[in-house]
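Peer 1: need a 3D model of the sequence below.
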Amino acid sequence: MESHAYWFLNQSDNLLDLKGESPVQALRNAQIGLDPSKITHNCRSRESSRASDNHRPVTIALLSQWDGSWLREETRLLNELGYRVYYDHVCHSGWFGPLRYIFFFVTAFPHVLLSDVVFCWFVYPAGLVAVLLAKICRRPVIVNAVGYDVSWMPNIGYGMAQGPHRQLIKCVLRSATTVLAISRFIADLAKSLGARDPLVIYEAIDTTKFQPRSEVEKPKHVRSILTVSTLSPMNIRRKDLGTLLKAVQLARLALPNLRLTIVGYRGTEAAYLTLRHMIRDLRIDENVIFRTDISDEELIDEYCKCELFVSSSLHEGFPTVVTEALACGAPVLAAAAQVMPEVIRNRYNGVIVLGGDPIELATALQELLMNQSLRFEIARRARSSVTNFTREERRARVGRVVEGLVH
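Peer 2: Residues are numbered from 1 along each chain as shown. The predicted structure is shown next:
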C-alpha cells in the first residue's frame, strides 16, 4: 500500500495540465466556483503582513480531519497575521466511509488551487488528502501532528499508527514540506514514523481569556476538585476516568465532603450512562456531579472555583485543559502521561503521580487538599508557568513557518 501511495505522490505532477496558465487562471477558466459559505467563518481580507503593500495577502488552505475549537483558534491566528484562509474539514458532511474522503478531496481542491500554502491539522487521514492535493497543485504543505494520528496504544485501542494506516502515515510525513507537532512527545512519535526534523509549536491557549477571577468564590463546606473531558467511550479509557472515580471513593474516607465535578461535552449517551453506572457501583453518587455542554465563561468559573484540578489521562498529545487550569491559577494533580513533564514540574506548578493507580492518585488528592500551604504555593506559580503556550507565541512561530515557505 505504501508503494502505491508513493507512486501517486510521485506521479501526481502530471495529473493537472495547466497549459501554461497560472493555477488561479486555470481555475477561473475551468469555471470552478467557491462556495462563500466555505470561506472561514466569514473571514474578511485583512492587510497583508508581507513586506510590500503591492502583494496580495498570502492565502492558506486550512484543512482538517475534524472541526473543533482548536481549528477556529488557528483560523483566528492566521487571520491576525494578515492571511486569507479557506477552511474545510473531512467531517463537515454526513457522508461516511470512503465517500467522505472523495467528497473532501473534491471540495478542498479549489481551495488548494487558490492557495499559496496548504496547512493540514492531523497527519491522517486528512493529511493524506492534503499532500495529494498539494502535490497536484504544486503547493508547499504543512502537516500538523496532533496525537491520535501518530499514536498507537493497543491497551486502550487508541491511535491510528498501526496496520496499513501506519504505512500511509509514514508516506504523509515523508511527503510533507514541513511537519509541525503540538509537543515534543508528539514530535518524537512523528520522527519515529519518518518525519524529517518536525518542528515543535505548542498548541495555544488564550491567556487573556483563561485567567484568575478574584470575584469567583470557592464552594464552602465541600472540597472541590475538577476534571474536564468529552464524554465518549474512547475518552473514558484515554482519560482513565475509572481510575479517577476509584480514587474519589478511596479519598472520601478521609475527606467525606469531597466533590468531583466532571465538565465536558456530552459526546454520547452511552458514555454518560457508563460513567453513571460506575459512579453508582462505587457508591459515590453524592461525591460526583456533571456539568455538560457549558460555555467557555462557565468553564473558566469552574477552573477558578476548584481547589484542585485533576487529570488522570493515560495519553495526551498536548494537555490543553491542564494548561487552561494553570492559566486560571488552579493547582494541578496529573497522571504521568508522556507529555505531562513538558507542562508540569513536579511539586513546582503541580504534582505528577503514576498513571492508572487509584491508590497513588487518592493519596496525592488527600495530601494536596489537606496541605493548604503546598496547594497555595503550587497555585501561586501556576499562571506564570504557561508562557510557552500562549496564542501570541504560536502565532509568531506559525507566521515564521508560513513566510519561510512563500518567500
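Peer 1: only C-alpha atoms from now on, for both contacts and neighbour counts.
Peer 2: Will do.
Peer 1: tally of neighbours for residue 75?
Peer 2: 22 (other C-alpha atoms under 10 Å).
Peer 1: for residue 82, see how far away it is.
Peer 2: 11 Å (C-alpha to C-alpha, to the nearest Å).
Peer 1: what do you get for residue 192?
Peer 2: 35 Å.
Peer 1: pick out whichever of these two has more residues nearby.
Peer 2: Counted by other C-alpha under 10 Å, residue 192 and residue 82 do not tie: residue 82 has more neighbours, with 20 against 12.
Peer 1: wait, doesn't the more buried one sit right on residue 56?
Peer 2: No - using C-alpha atoms under 8 Å as the test, residue 82 is too far from residue 56 to be in contact (10.1 Å).
Peer 1: quick one: the strands in this structure, in order.
Peer 2: Ranges of strands within the chain are 59-64, 84-89, 117-121, 141-145, 152-153, 158-159, 178-181, 199-200, 223-228, 258-264, 288-292, 308-311, 332-335, 351-353, based on DSSP state E.
Peer 1: can I get the fourth one in CSV? Just the C-alpha atoms.
Peer 2: The C-alpha atoms that make up strand 141-145 are tabulated as CSV, following Å, rounded to 0.1, in the frame of the first residue of the first chain:
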residue,chain,number,x,y,z
VAL,A,141,2.2,21.7,2.6
ILE,A,142,2.4,21.9,6.4
VAL,A,143,1.1,18.9,8.3
ASN,A,144,0.4,19.4,12.0
ALA,A,145,0.8,16.2,14.0
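Peer 1: list the pairing partners of that strand within its sheet, with orientation.
Peer 2: Note on strand 141-145: by DSSP bridges, its sheet partners are strand 117-121 (parallel), strand 178-181 (parallel).
Peer 1: what angle do the first one and strand 59-64 make?
Peer 2: Regarding strand 117-121 and strand 59-64, their directions subtend 20 degrees when assessed with axes from the mean of the first three to the mean of the last three C-alpha atoms, to 10 degrees.
Peer 1: can you list the residues that contact strand 117-121?
Peer 2: 59-65, 112, 126-127, 130, 134, 139-146, 402, 405-406 (C-alpha atoms under 8 Å, 6 or more residues apart in numbering).
Peer 1: so who does residue 406 touch?
Peer 2: By C-alpha under 8 Å, 6+ apart, the contact set of residue 406 is 58, 116, 117.
Peer 1: please redo it, this time with the cut-off set to 7 Å
Peer 2: Applying C-alpha atoms under 7 Å, 6 or more residues apart in numbering to residue 406 gives the contacts residue 116.
Peer 1: repeat that for residue 88.
Peer 2: Shown here is residue 88, whose contacts under the criterion C-alpha under 7 Å, 6+ apart are 38, 62, 63, 64, 108.
Peer 1: still on that earlier bit, list only buried entries from the contacts of strand 117-121.
Peer 2: Neighbour counting over the contacts of strand 117-121 (16 or more other C-alpha atoms under 10 Å) leaves 59-65, 112, 126-127, 130, 134, 139-146, 402 as the buried ones.
Peer 1: format the strands of the chain as JSON lines; extra columns: distance to residue 98.
Peer 2: JSON lines is the format used below for those (distance: least, C-alpha to C-alpha, whole Å):
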{"stretch": "strand 59-64", "distance to residue 98": "16"}
{"stretch": "strand 84-89", "distance to residue 98": "14"}
{"stretch": "strand 117-121", "distance to residue 98": "19"}
{"stretch": "strand 141-145", "distance to residue 98": "21"}
{"stretch": "strand 152-153", "distance to residue 98": "22"}
{"stretch": "strand 158-159", "distance to residue 98": "19"}
{"stretch": "strand 178-181", "distance to residue 98": "25"}
{"stretch": "strand 199-200", "distance to residue 98": "31"}
{"stretch": "strand 223-228", "distance to residue 98": "33"}
{"stretch": "strand 258-264", "distance to residue 98": "30"}
{"stretch": "strand 288-292", "distance to residue 98": "32"}
{"stretch": "strand 308-311", "distance to residue 98": "36"}
{"stretch": "strand 332-335", "distance to residue 98": "37"}
{"stretch": "strand 351-353", "distance to residue 98": "42"}
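Peer 1: got TSV for these, with distance to residue 281 and mean pLDDT too?
Peer 2: What follows is those, written out as TSV (distance: least, C-alpha to C-alpha, whole Å; pLDDT from 0 to 100):
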stretch	distance to residue 281	mean pLDDT
strand 59-64	40	95
strand 84-89	40	89
strand 117-121	40	96
strand 141-145	39	98
strand 152-153	27	90
strand 158-159	26	90
strand 178-181	40	98
strand 199-200	43	98
strand 223-228	20	97
strand 258-264	16	95
strand 288-292	13	94
strand 308-311	22	98
strand 332-335	24	97
strand 351-353	25	97
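Peer 1: between those, which one is closest to residue 299.
Peer 2: For residue 299, the closest of the strands of the chain is strand 258-264, at 7.8 Å, according to C-alpha to C-alpha.
Peer 1: contact partners of the closest one?
Peer 2: Identification of contacts with strand 258-264 by C-alpha under 7 Å, 6+ apart yields 222-231, 252, 287-293.
Peer 1: show me which of those are buried.
Peer 2: With burial judged by 16+ other C-alpha under 10 Å, the buried subset of the contacts of strand 258-264 is 223-231, 252, 287-289, 292.
Peer 1: pull the most distant pair out of these.
Peer 2: Counting by C-alpha to C-alpha, the most remote pair of these is 230 and 252, 24.7 Å apart.
Peer 1: just the helices in the stretch 101-250 of the chain please.
Peer 2: Taking DSSP state H, counting those that start in this stretch, the helices of the stretch 101-250 of the chain run over residues 126-137, 163-175, 184-192, 233-238, 241-251.
Peer 1: contact partners of the third one?
Peer 2: Read it as helix 184-192. Here helix 184-192 has contacts from 145, 146, 147, 150, 181, 198, 200, 317, 338, 339, using C-alpha under 7 Å, 6+ apart.
Peer 1: residues of that helix that come out buried?
Peer 2: Those would be 184, 185, 186, 187, 188, 189, 190, 191, for helix 184-192 by 16+ other C-alpha under 10 Å.
Peer 1: the first one and residue 285: what is the separation?
Peer 2: It stands for residue 184. 39 Å.
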